[in-house]
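**Student:** take a look and give me a structure for this.
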Amino acid sequence: MCPVFCCRYKNLQYAQKVVIMRAYFIKRYIMLVKKDIVVFDFDGTLSAGDTNIEFAKYCARHSLRPWIFMPVIAVATVGKLINPGGTWWRETMRRFMTPNMVKKFAPGFIRQHKMERFGWAKDQVAAERAAGRTVVLISASPDYLLPALVRDIKFDAVICSRMDKDKPWKYDFLCWGPNKVYALDAWARDNKYIPRVVRSYSDSRADMPMMEIAGERVWVDRNTGLRKASC
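**Tutor:** Down below sits the predicted model:
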């Protein structure tokens with residue numbers, strides 16, 4: 001091969017690589033949009049009680065099936081003490097749950113549980129959005145309950161635990177603890193955002209990973225709904 005042609009060929013290959021790398025850089029970084037984000041937890045922060053526990057109680061008031069599983073639930077309670085962040089005990093506690101129970105009982109529970117929301121919740125979300133911030137709800141509550149529970153609150157995104165459709169007691173993804181940060185990051189990447197978490201609201205130390213990435217942390221009393229402190 002002619003040395004001149006070879007040199008030009010190599011230069012062409014190099015130029016093509018530069019173009020490809022530049023296109024990747026533009027797509028990956030320059031096209032991303034910076035966003036001011038405000039993050040809310042749900043259970044104990046915007047609403048009294050724990051959605052999963054309250055739904056289990058609701059099912060027990062309307063069906064005998066949860067009572068049959070009481071020995072299994074008792075064992076799972078011990079597992080919670082040993083490993084609070086685990087999925088095994090969570091799934092075991094809800095092993096009585098069937099798709100038919102979700103379909104039958106979820107609508108009535110949702111109407112009832114909406115009444116447990118703290119009075120300031122809706123207005124605060126509206127105020128954050130009015131200030132130009134993107135408001136995201138991140139909760140361990142299941143996907144067959146949470147979106148419907150907050151449908152009348154104008155969140156920009158609702159991120160929650162994803163459950164197996166055929167086995168609603170089984171997690172595809174548990175949105176709890178550090179997983180909330182991973183889920184927020186995945187949501188931001190999917191939407192081509194560079195997130196800056198301005199403020200996080202929570203009632204639980206389990207949300208420290210989410211709170212630590214925020215410029216301001218707002219702690220809420222889970223019993224009263226009162227905001228305890230900002231830092």
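**Student:** any figure for the gap between Arg65 and Lys167?
**Tutor:** According to Cβ to Cβ, to the nearest Å, Arg65 and Lys167 sit 14 Å apart. For every residue, glycine as well, the C-beta is placed using N, CA and C.
**Student:** ah, wrong one, I meant Lys122
**Tutor:** From Lys122 to Lys167 the distance is 33 Å (Cβ to Cβ).
**Student:** low-scoring stretches of this structure, by residue?
**Tutor:** Counting by pLDDT under 70, the chain contains low-confidence residues at 1-30, 229, 231.
**Student:** so where do the strands sit in the protein?
**Tutor:** Per DSSP state E, the chain carries strands over the ranges 33-40, 134-142, 157-163, 171-173, 193-202, 216-220, 227-230.
**Student:** export the ones you listed as CSV, with columns for mean neighbour count.
**Tutor:** Below are the strands of the chain laid out as CSV (neighbours: other Cβ atoms under 10 Å):
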stretch, mean neighbour count
strand 33-40, 19
strand 134-142, 24
strand 157-163, 20
strand 171-173, 15
strand 193-202, 20
strand 216-220, 19
strand 227-230, 12
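**Student:** redo these as JSON lines? Include distance to Met115.
**Tutor:** Listed next are the strands of the chain as JSON lines, based on distance: least, Cβ to Cβ, whole Å:
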{"stretch": "strand 33-40", "distance to Met115": "19"}
{"stretch": "strand 134-142", "distance to Met115": "16"}
{"stretch": "strand 157-163", "distance to Met115": "19"}
{"stretch": "strand 171-173", "distance to Met115": "27"}
{"stretch": "strand 193-202", "distance to Met115": "20"}
{"stretch": "strand 216-220", "distance to Met115": "18"}
{"stretch": "strand 227-230", "distance to Met115": "21"}
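**Student:** which among the ones you listed is found nearest to Leu81?
**Tutor:** With Cβ to Cβ as the criterion, Leu81 lies closest to strand 134-142 of those, at 17.7 Å.
**Student:** count residues in the vicinity of the closest residue to Met31 other than its chain neighbours, would you?
**Tutor:** Nearest residue to Met31, sequence neighbours excluded (Cβ to Cβ, 6 or more residues apart in numbering): Lys192, at 6.1 Å. Look at Lys192: counted by other Cβ atoms under 10 Å, it has 12 neighbours.
**Student:** next up, the contacts around Lys192.
**Tutor:** Applying Cβ atoms under 8 Å, 6 or more residues apart in numbering to Lys192 gives the contacts Met31, Leu32, Val33.
**Student:** ok, Leu46 next?
**Tutor:** Per Cβ under 8 Å, 6+ apart, neighbours of Leu46: Phe40, Arg117, Phe118, Ala121, Leu137, Val150, Tyr201.
**Student:** ok, 6 Å please
**Tutor:** Phe40, Arg117, Ala121 (Cβ atoms under 6 Å, 6 or more residues apart in numbering).
**Student:** the closest residue to it other than its chain neighbours and Tyr193: what is the separation?
**Tutor:** Among residues not flanking Leu46 along the chain, Ala121 sits closest, at 4.1 Å (Cβ to Cβ, 6+ apart). For Ala121, the distance to Tyr193 (Cβ to Cβ) stands at 24 Å.
**Student:** same question, Arg151
**Tutor:** 23 Å.
**Student:** check Phe42 too.
**Tutor:** 21 Å.
**Student:** before we move on, what about Leu149?
**Tutor:** Applying Cβ to Cβ, the value for Leu149 to Tyr193 is 25 Å.
**Student:** same check on Tyr171?
**Tutor:** Distance, Tyr171 to Tyr193, by Cβ to Cβ: 26 Å.
**Student:** now do Arg111
**Tutor:** According to Cβ to Cβ, Arg111 and Tyr193 sit 34 Å apart.
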